[in-house]
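Visitor: here is my input, please return the structure:
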Amino acid sequence: MKLPHNKKVYFASDQHFGAPTPELSFPREKKFVAWLDQIKTDAEAIFLVGDLFDFWFEYQTVVPKGFVRVLGKLAEIRDSGIPIYFFVGNHDLWMHGYFEKELNIPVYHDNQEFNFWGTSFLIGHGDGKGPGDMGYKRMKKVFTHPFSKWLFGWLHPDIGVRLAQYLSVKNKLISGDEDITFLGEDNEWLILYAKKKLETKHYNYLVFGHRHLPMKVTIGQDSHYVNLGDWISYFTYGVFDGQTFEIQKYQ
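Guide: As a prediction, this is how the structure comes out:
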């Protein structure tokens, strides 16, 4: 993908809309829509890198209630011709065709490679990557198994959504009870994962979400690990102008 003059590629992740309650989430949704309105003037492409929703499940005939302004703005931007790419996170991994059919937005369930103006990117949400966190990795296999999705689909949406919201409130990243600090390159699982990927192929930028901590770390010759932060505490996003990648904060 070549970037026209004065065009940029934008990245954002971990909005967790709907958490901890729809009422408390609503101001963040409005802020995100305002950001989308701002960047659509010079966006060549927009990447949503997982956990846009705190819970998402596509039943046979319904999707979770709410998020009308966010979905409407994404539809408007996509209809204007700006590509949007969506990566599922660990909170909205149960996607199955709705975004593709209704919004014309491709959905990815794992890392994808992109190239902008000769600059190579590896992009993904980041959950279950790197060493450790074996409990989550086992749990993800269960959650993504077709039988598990079929079984959950038989729950009435009121029960399924409430169950998911109850479990999410216990997530310390969402409730704000966890102090997120940089653990150092040798202890950040996604940095270790990114370095491992560089052993087999070179990328200029390896861009992930999930960690909720904005950072850009040089991990090799002209290679950088980027975490996009979140829209709960930081309201940060990534922007690539064809030459440099920066993490910026939306005020």
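Visitor: was I right to think Gly126 contacts Leu213?
Guide: No: Gly126 lies out of contact with Leu213 (C-beta atoms under 8 Å); the separation is 11.4 Å. (C-beta placed from N, C-alpha, C; glycine too.)
Visitor: overlap of the contact sets of these two?
Guide: Asn227 (C-beta atoms under 8 Å, 6 or more residues apart in numbering).
Visitor: more crowded one of those two?
Guide: Gly126 (27 against 20; other C-beta atoms under 10 Å).
Visitor: next up, the contacts around the more buried one.
Guide: So Gly126 contacts Gly50, Leu190, Tyr193, Phe208, Gly209, His210, Arg211, Asn227 (C-beta under 8 Å, 6+ apart).
Visitor: so which of these would you say is closest to Asp42?
Guide: Gly209 (22.5 Å; C-beta to C-beta).
Visitor: doesn't Tyr205 make contact with Phe121?
Guide: Yes: assessed by C-beta under 8 Å, Phe121 is found in contact with Tyr205 at 5.0 Å.
Visitor: what about this structure, any weak spots by pLDDT?
Guide: 1-3, 132-145, 148-150, 152, 166-179 (pLDDT under 70).
Visitor: which parts of stretch 197-206 are buried?
Guide: Within stretch 197-206, the residues that count as buried by 16 or more other C-beta atoms under 10 Å are Lys197, Leu198, Tyr203, Asn204, Tyr205, Leu206.
Visitor: residues touching the fourth one, list them.
Guide: Put plainly, it is Asn204. Contacts of Asn204 (C-beta under 8 Å, 6+ apart): Thr119, Ser120, Phe121, Asp222, Ser223, His224.
Visitor: phi and psi next, for the second one.
Guide: Comment: the main-chain dihedrals of Ser120 come out as phi -90, psi 140, following degrees, to the nearest 10.
Visitor: so what's the residue count around it?
Guide: Around Ser120 there are 16 residues (other C-beta under 10 Å).
Visitor: re earlier: want to throw the buried residues of stretch 197-206 into JSON lines with distance to Ala19?
Guide: Output for those, formatted as JSON lines (distance: C-beta to C-beta, whole Å):
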{"residue": "Lys197", "distance to Ala19": "30"}
{"residue": "Leu198", "distance to Ala19": "34"}
{"residue": "Tyr203", "distance to Ala19": "31"}
{"residue": "Asn204", "distance to Ala19": "33"}
{"residue": "Tyr205", "distance to Ala19": "28"}
{"residue": "Leu206", "distance to Ala19": "27"}
